[in-house]
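>>> Any chance you could fold what I've pasted below:
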Amino acid sequence: MPEVKHIAFLQFKEDVSPDQIDRCFESLVGMVGRIPGLLDIVHGPYESDEGLNDGYTHAFIMTMESPAARDAYLPHPIHEEVKAGIDPHLERLVVFDFNV
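A predicted model of the protein is given here:
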């Protein structure tokens with residue numbers, strides 16, 4: 001069964017502080033080990049002179065053990081709680097999943 005890469009591109013609102021952004025990502029990383037099938041999360045700010053980020057300032061990549069694990073993660077109460085804490089800070093968000 002393939003793993004799933006769950007990628008998100010985030011643009012935070014202009015008034016969101018670096019500390020608030022750090023707390024958002026800490027809450028995401030804190031889901032690993034608490035949601036079955038969520039194997040890993042890496043994240044960071046945009047770091048290129050290429051300029052093709054279209055205003056998105058940060059991204060994260062989650063690795064899920066399977067499509068079924070991803071499907072179970074989406075409505076999971078811990079995910080919903082973390083999402084509710086991050087969404088008010090966002091201007092825009094794009095999410096893209098693919099199997100590997």
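>>> Where does His43 fall, secondary structure wise?
Assigned by DSSP states H and E, His43 belongs to strand 38-45.
>>> partner strands of whatever helix or strand comes next after that strand, parallel or antiparallel?
Counting by DSSP H and E, the next helix or strand C-terminal to strand 38-45 is strand 58-64. Based on DSSP bridges, the pairing partners of strand 58-64 within the sheet are strand 4-12 (antiparallel), strand 38-45 (antiparallel).
>>> closest one to Val95 among those?
Val95 lies closest to strand 4-12 among these, at 4.8 Å (Cβ to Cβ). C-beta coordinates here come from the backbone N, C-alpha and C atoms, glycine included.
>>> and the helix or strand following that closest one, how far from the chain's centre?
Downstream of strand 4-12, the next assigned helix or strand under DSSP H and E is helix 18-29. Mean C-alpha position of helix 18-29 versus that of the full chain (Cα atoms, centre = their mean, to the nearest Å) differs by 10 Å.
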